[in-house]
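Participant: Quick one: sequence and predicted model below, then my questions.
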Amino acid sequence: MTVPEELKQILNNDPENFRALYSMALIFQNEKNYAGCFAMVERAISSYENSPDSDYQSFYFELKRLHTHLLRNHMEDILGPAYHLLDPHWVPVFKLGRPREMAWTVTSNNISYIQKAMNAPQLRKLRYLSITFKESPDVALNELFQCPLSILRTLSLNFRESPNYATLRAVFSNARPTIENFSGFSLKMPKIDDSVAILVQSTFKTLDSLSLTSNTRTISKAFCEVLADDPRSNQLTRLALIGSSIGNQGLFTLFASENFGSLQVLDLRDGLLTNAAARIVLAGQYPPHLRTLDVRYNTIDPAGIDMLNRSALECLYDGQHERPQSVRP
């Protein structure tokens, strides 16, 4: 495709020129380059919305209609091979025509698309990726961690079947130079014990968000001690240990540490906490910037709930003496 020199010059001098972006979108559409067309459409729409001009209003509405058409009929061109992995319940988030946030569902039938997707030019601006592995977890994990994950900032992994621990250790060890500077990581598995939790926590250097979710309450207070003793915990603004056996002693260990200076949200759902945890909260000796404490699905009685309500924190406490729906038989 040959782009007119006039348009090149205009966009070189003014990258957000609405009329030039509009013209480029139509050129790409005529050439059936739908990924390029979508990128130009999004940039043009953003340009108009930042600086509305009544003279171009009709063009703006035309581009809005074209935007809807492209998403409905040409998503495969826009996303590349990632289209075959897309979670049907999760709409990708775009910025100026490139996906920034996306969710995949991986089965044994589409594992082969993982590397193709991550190496495609359409995903070069991807920053957040959430993946649900329905089956073949070891194979899928190996495929994923052979990809150029350094483009990401946050990765969320949800396993319906737990991968082999040896596989986890091998792929995390090999991928560490690529992923150690992630800002966010989330892992959900049927069983996460202290060894898995420590493996994950030790892999990253700069996390501000860490979430571990297990069905089996096999993360213990010992992992809280690891977190409490690690200076890297000072970078965390959000910590979630969901489905654990940390209990009141684990909560006290976290609260007593001086290494949670940035922590704002602490999620301890389904963690065997009792009224003693509420007394710890009411005492007020918790991280200085903590604002929200989630203690749903524990074993706190009404007297403990009253103490939580009298604390300075925003406390979430529904579902006491129950387990989350996701782990019920």
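Facilitator: Nice, thanks for sending it over.

Participant: Going by residue numbers, what spans are strands in the stretch 201-329 of the chain?
Facilitator: In the stretch 201-329 of the chain, the strands defined using DSSP state E, counting those that start in this stretch lie at 209-214, 238-242, 265-267, 292-294, 314-316.

Participant: Turn those into JSON lines, columns for distance to residue 137, mean neighbour count and mean pLDDT.
Facilitator: (Each C-beta comes from the backbone N, C-alpha and C, glycine too.) Converted to JSON lines, the strands of the stretch 201-329 of the chain look like this (distance: least, C-beta to C-beta, whole Å; neighbours: other C-beta atoms under 10 Å; pLDDT from 0 to 100):
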{"stretch": "strand 209-214", "distance to residue 137": "15", "mean neighbour count": "21", "mean pLDDT": "98"}
{"stretch": "strand 238-242", "distance to residue 137": "19", "mean neighbour count": "22", "mean pLDDT": "98"}
{"stretch": "strand 265-267", "distance to residue 137": "24", "mean neighbour count": "20", "mean pLDDT": "98"}
{"stretch": "strand 292-294", "distance to residue 137": "27", "mean neighbour count": "18", "mean pLDDT": "98"}
{"stretch": "strand 314-316", "distance to residue 137": "31", "mean neighbour count": "15", "mean pLDDT": "97"}
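
Participant: Kindly state which of those is positioned closest to residue 85.
Facilitator: strand 209-214 (21.6 Å; C-beta to C-beta).

Participant: Residue 319: what's it in contact with?
Facilitator: By C-beta atoms under 8 Å, 6 or more residues apart in numbering, the contact set of residue 319 is 296-297.

Participant: Likewise for the one 3 residues further on?
Facilitator: Contact analysis of residue 322 by C-beta under 8 Å, 6+ apart lists residue 297.

Participant: how close does it get to residue 310?
Facilitator: 23 Å (C-beta to C-beta, to the nearest Å).

Participant: helices and strands of the protein: which one has the lowest mean pLDDT?
Facilitator: Scoring the helices and strands of the chain by mean pLDDT, DSSP states H and E places helix 5-13 at the bottom, with a mean of 88.

Participant: Domain map for this structure?
Facilitator: Domain assignment for the chain, taken from automatic domain parsing, gives 5-73, 78-175, 180-329.

Participant: Please tell me how far the second one is from the chain's geometric centre.
Facilitator: This points to domain 78-175. 11 Å (C-alpha atoms, centre = their mean, to the nearest Å).

Participant: could you give the mean pLDDT of that domain?
Facilitator: Model confidence over domain 78-175, given as mean pLDDT, is 95.

Participant: What's the end-to-end length of it?
Facilitator: 28 Å (C-alpha to C-alpha, to the nearest Å).

Participant: Residue 213 is in contact with residue 200, correct?
Facilitator: No: using C-beta atoms under 8 Å, residue 200 makes no contact with residue 213, being 11.7 Å away.

Participant: Could you export the strands of the stretch 201-329 of the chain as CSV, including distance to residue 77?
Facilitator: CSV is the format used below for these (distance: least, C-beta to C-beta, whole Å):
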stretch, distance to residue 77
strand 209-214, 33
strand 238-242, 36
strand 265-267, 38
strand 292-294, 41
strand 314-316, 42
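
Participant: For residue 291, give me its contacts.
Facilitator: If you count contacts by C-beta under 8 Å, 6+ apart, residue 291 has them with 264-265, 313-314.

Participant: Now it. Its backbone dihedrals?
Facilitator: When read as degrees, to the nearest 10, the backbone of residue 291 gives phi -120, psi -30.
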